[in-house]
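Student: Mind folding the following:
(2 chains)
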Amino acid sequence: MKFERLELENFASYYGKHKIDLTCTEEKPVVVFIGGTGYGKTSLFDAINWALYGSRYEEQMVKNRQKNIFDYVNEKAIHEAKENNSYVLTSATLYFEHDSFHYYILQEMSTKITINGNGNLQYKCTDRMTALYKITSKGNHEQINYNEIFLDELLPTNVKDYFLFDGDRIYQLSNPASSKEVRDAIYRVVDLEILEKSIKHYREVEKEFRKMAKQASTDDLKRICERHESVVENLLKQKEKAKELDNELFSLKNQILGKEKLLQEMPEAKELQIKKNEMRRELIELDERDKGNALKMRKLIAPAALEYASDACGELLQELEKQREKGTIPQKVSIKLLVELLEIQECLCGTKLTTGTVAYNNISEKLTRERNKNTGEELLSLLYKLTGTSKEITRAKIEMYERAAQHDRNMDERREIDMILKQIDQSLEKMPNVDVARTQQEIRNMSEEKESLIRRIERQKIEIEREQEEIKKIENEREELGQQQKKALKLQRRENLAREAANELEKLYESFAEESRKSIEDLTKKEFQNFVKSGSGYDVRLNKDYALEVVDSNGNPALSRLSMGQSQCLSLSFITSIAKVSEKNPPLVIDMPFGRLDRDVHKQVSGRLTELASQLILFLIPEIEWNEVTAKILQNKSSYIYKLSFDERTRETAVERVC
Amino acid sequence: MTNKIDLRGLRISIDERVHAIYEDLVSRSSESVEDRPFLTMKDVFIVATCLGSKYGQYKELERSRQVFNGDLFDPDLEVPILCAIAYNKNKNLDDLYDNEKIIRHCQNYANGGVYVLQEKIESASGLGKLYRIIDIFRSDNIAKETNK
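Tutor: Here you go, the predicted structure:
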């Protein structure tokens, strides 16, 4: 999709009709709007959003910015309508090209202005229209359905925030408390929702076949089917509950991170909070080490336990040694002798052993019999192997006990760190600064809640496993009984197939989400270094909880050490990575992208932004964002540069093309 | 009767009634390492066989259930020990020329030994079955013993 033109009528500070050309060439993909604070930059940004998403964007504005659509009806037009007792027509029309076709979406609203008893203005929407038109090759305008399917193809509402956004939002994304938003973004842009829907579909099919199998069964099988249905339904409920608990935990962790960040920004608490973070990191590392140790220990249990068989080994070794001394193992002598006799063709008694004679045949048969008999070779080999086991078992035992001792040391260290953490918490709670003490108290309450939630999640997991085992048993029984009722069995098998498909999709869902997380992590790292040269000393990670992390060359957390500009670049890197991974290529519309950036990064960011999308629309503040550095880069890349001027007296914005 | 001690290709069974005990001890990705002290069913079988042999618990399988393949046994470490355990049942070297007999004796020792293992774990104190088992090994003093 590429925007072509925006037409406004009585929208915000844009009085009357305005036409703004947005068409871009491949070489010049940028359109710039330059305007001071309050000049109408954000209104243009809102107009594009409103044109595309209509009432859904209105709801979002009420929710996020406490603004309703009447706030966008032009003041001068209101005044005139009031005077003339007429209506105000407010509209935004966005022309765009998508897949070689041209379209436009029109949002139009008619507002009646009245004055209530207190002398205040009252607005009433008397007409509201949303229409989508396709411009045919003959130049006709055909109205087509404006619906979610069409919008989803252009740019789904749930991901639009990553293509149409403002500078503040960029700043917030790198905040540790935004991990939920980051996770949601990844899930949305890589279309995981589609997989989710497919899983739901298969679960429905599974349920349907289960019901049909129950209906087709009789007697004992029917009773088993009823039991099966009830346990399966219960399992699904338990899984749903587990998911809710996981989300609750995720959100609680996020809140704790937010509060801790707040604490770290308070001068009195900063040092202690940093120390706490370090200690907690040490604790995580220690737990990881201990887990690795336990995994290795687990491998040693079986070989070390062979020691319990030492008496049995001793007995066998003794017996084998005895047999060896007696010469019964190995029994090579007789075979060797018989072979030699046949070779020299003479028996020990002097009888000639000519080929084909009775004597020769007798000796040959004896040789074959001997060869087929146990020679004791295998027992000799067992003797050698058994002798060697002792060394292996001892090695396993020694390592196992060393690792157990290491575990004990780890636990001592853990207790020490725990104690330090408790002391830090107590010190924070006792701080004279009320804000610090209160925030710490809140963190403590939330952490307790988190612990209790984790316990509930663990219990839930156990419950789910129990249900799964129960289902397995019932299914075996059902299958057995089903052998006598073929129709029911056929339906059971279809149900099983649907379940397997849903289970496989669930696995796919998890691995796809993880793959996407990794791809975005890699791209974010790369983009961050492209945006900020000083970023090469940092490693950017997107951890398993979807929080953006930055570590310095020593492996220490460095997110809080990033400058405001670097943080913003980090968010931008993330957003652009999301855009790349999504493989959608809509225009990027950014309101005040450089607002919080240092001047020295303006050059890199403005240069980089132009390469990120096939169309880039920027709303910039003069001097601060549109300065000699950005102007030099963007001028050559811009198809249009517009200047917004605002008349304080008439409170109107005028759009003037300067380039 | 065969000339070669070779447990490969043979299916190893446990009693249906002890299957739950095995399952409870074997690793699952979702659970902590400490509470699932064994990596595989084969590992539980080995420990149970050794304990069965040590404490003379020989119990025939009533309803057998195949759980793994004999290929999983380490031929240089586990197979010789299993042979020693099997030999010890009748003290007859001929038993070692019958691979199925070796397996049968071991299965029966494991069937008795798994209850010993379960009881030991339950009566031990401490957090995590993995560490309990190591404590059991310590208290049974297996560290100081060596093969005779």
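Student: from here on, contacts and neighbour counts on C-alpha atoms
Tutor: Fine.
Student: what sits against B:His105?
Tutor: Applying Cα atoms under 8 Å, 6 or more residues apart in numbering or on different chains to B:His105 gives the contacts B:85-86, B:89.
Student: could these go into TSV alongside neighbour count?
Tutor: Formatted as TSV, the contacts of B:His105 follow (neighbours: other Cα atoms under 10 Å in any protein chain shown):
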residue	neighbour count
B:Ile85	28
B:Ala86	29
B:Lys89	17
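Student: Now flag whichever of those residues is closest to chain A.
Tutor: Nearest to chain A out of the contacts of B:His105 is B:Ile85 (Cα to the nearest Cα; 5.5 Å).
Student: That closest one should be in a helix, yeah?
Tutor: Yes: when DSSP: H, G, I helix; E, B strand; the rest coil is applied, B:Ile85 is found to be in a helix.
Student: just to revisit the earlier point, and the contacts of B:His105 as JSON lines, adding distance to A:Gly16?
Tutor: Formatted as JSON lines, the contacts of B:His105 follow (distance: Cα to Cα, whole Å):
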{"residue": "B:Ile85", "distance to A:Gly16": "98"}
{"residue": "B:Ala86", "distance to A:Gly16": "99"}
{"residue": "B:Lys89", "distance to A:Gly16": "103"}
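Student: just checking: which of those also lie near chain A?
Tutor: Contacts with chain A within these, as defined by Cα under 8 Å from any Cα of the partner chain: B:Ile85.
Student: helices or strands up against the single longest helix found in chain A?
Tutor: In chain A, with assignment by DSSP state H, the single longest helix is helix A:377-429. On a contact count with 3 or more Cα pairs under 8 Å, 6 or more residues apart in numbering or on different chains; DSSP states H and E, helix A:377-429 meets helix A:267-305, helix A:310-326, helix A:434-482, helix B:78-90, helix B:129-139.
Student: ok and the helix or strand just after the longest one relative to helix A:434-482, angle-wise?
Tutor: Once helix A:434-482 ends, the next helix or strand along the chain (criterion: DSSP states H and E) is helix A:486-531. Orientation note: helix A:486-531 sits at an angle of 150 degrees relative to helix A:434-482 (axes from the mean of the first three to the mean of the last three Cα atoms, to 10 degrees).
Student: quick check: mean pLDDT across helix A:486-531?
Tutor: In this model, helix A:486-531 has an average pLDDT of 87.
Student: so, in contact with chain B or not, that helix?
Tutor: No: Helix A:486-531 stays clear of chain B (Cα under 8 Å from any Cα), getting no nearer than 13.8 Å.
Student: Output the contacting helices and strands for that helix.
Tutor: Other elements packing on helix A:486-531 under the criterion 3+ Cα pairs under 8 Å, 6+ apart are helix A:179-189, helix A:192-215, helix A:434-482, strand A:539-542, helix A:564-582, helix A:599-609.
Student: Between helix A:564-582 and that helix, find me the angle.
Tutor: 140 degrees.
Student: from the middle of its chain, how far away would helix A:486-531 be?
Tutor: How far helix A:486-531 lies from its chain's middle: 12 Å, per Cα atoms, centre = their mean, to the nearest Å.
Student: quick one on the thing from earlier: tell me which of the helices and strands packed on helix A:377-429 sits nearest to A:Glu248.
Tutor: helix A:434-482 (8.1 Å; Cα to Cα).
Student: Output the set of residues of chain A in proximity to chain B.
Tutor: Within chain A, the positions lying close to chain B (Cα under 8 Å from any Cα) are A:291, A:294-295, A:298-299, A:301-303, A:305-316, A:373-375, A:378, A:382, A:385-386, A:389-390, A:392, A:394, A:397-398, A:401, A:404.
Student: of those, buried ones?
Tutor: The neighbour-count test (16 or more other Cα atoms under 10 Å in any protein chain shown) applied to those identifies A:291, A:294-295, A:298-299, A:301-303, A:305-316, A:374-375, A:378, A:382, A:385-386, A:389-390, A:394, A:397, A:401, A:404 as buried.
Student: if I've got this straight, B:Tyr58 is in a strand?
Tutor: No: judged by three-state DSSP, B:Tyr58 forms no part of a strand; its state is coil.
Student: tally of neighbours for it?
Tutor: 19 (other Cα atoms under 10 Å in any protein chain shown).
Student: what does the strand or helix carrying B:Ala20 rub up against?
Tutor: B:Ala20 is part of helix B:19-25, with elements assigned from DSSP H and E. The contact list for helix B:19-25 (Cα under 8 Å, 6+ apart) reads B:35-38, B:41, B:44, B:114, B:118.
Student: hey, where'd the strands end up in the stretch 101-250 of chain A?
Tutor: Along the stretch 101-250 of chain A, counting by DSSP state E, counting those that start in this stretch, strands occupy A:101-115, A:121-135, A:141-144, A:164-166.
Student: I'd like those laid out as TSV, including mean pLDDT.
Tutor: TSV is the format used below for the strands of the stretch 101-250 of chain A (pLDDT from 0 to 100):
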stretch	mean pLDDT
strand A:101-115	93
strand A:121-135	92
strand A:141-144	90
strand A:164-166	78
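Student: possible to save the ones you listed as a markdown table with mean neighbour count?
Tutor: What follows is these, written out as a markdown table (neighbours: other Cα under 10 Å):
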| stretch | mean neighbour count |
| --- | --- |
| strand A:101-115 | 19 |
| strand A:121-135 | 15 |
| strand A:141-144 | 13 |
| strand A:164-166 | 19 |
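Student: Can you say which of those is nearest to A:Glu240?
Tutor: If you check each of these against A:Glu240 by Cα to Cα, strand A:164-166 wins as the nearest, at 33.3 Å.
Student: What strands flank the closest one, and is each parallel or antiparallel?
Tutor: Strand A:164-166 pairs in its sheet with strand A:588-591 (parallel), by DSSP bridges.
Student: which residues touch the partner strand?
Tutor: By Cα under 8 Å, 6+ apart, the list of residues contacting strand A:588-591 reads A:41-42, A:45, A:163-167, A:613, A:615-620.
Student: Which of those sits closest to chain B?
Tutor: The nearest member of the contacts of strand A:588-591 to chain B, counting by Cα to the nearest Cα, is A:Phe163 at 37.5 Å.
Student: what about the residue lying closest to the closest one once chain neighbours are set aside, distance to chain B?
Tutor: Distances taken as Cα to Cα, 6 or more residues apart in numbering or on different chains place A:Leu588 nearest to A:Phe163, at 4.8 Å, with adjacent residues excluded. Noted for A:Leu588: a distance of 42 Å to chain B, by Cα to the nearest Cα, to the nearest Å.
Student: Please report how far A:Leu588 lies from A:Leu106.
Tutor: A:Leu588 sits 21 Å away from A:Leu106, going by Cα to Cα, to the nearest Å.
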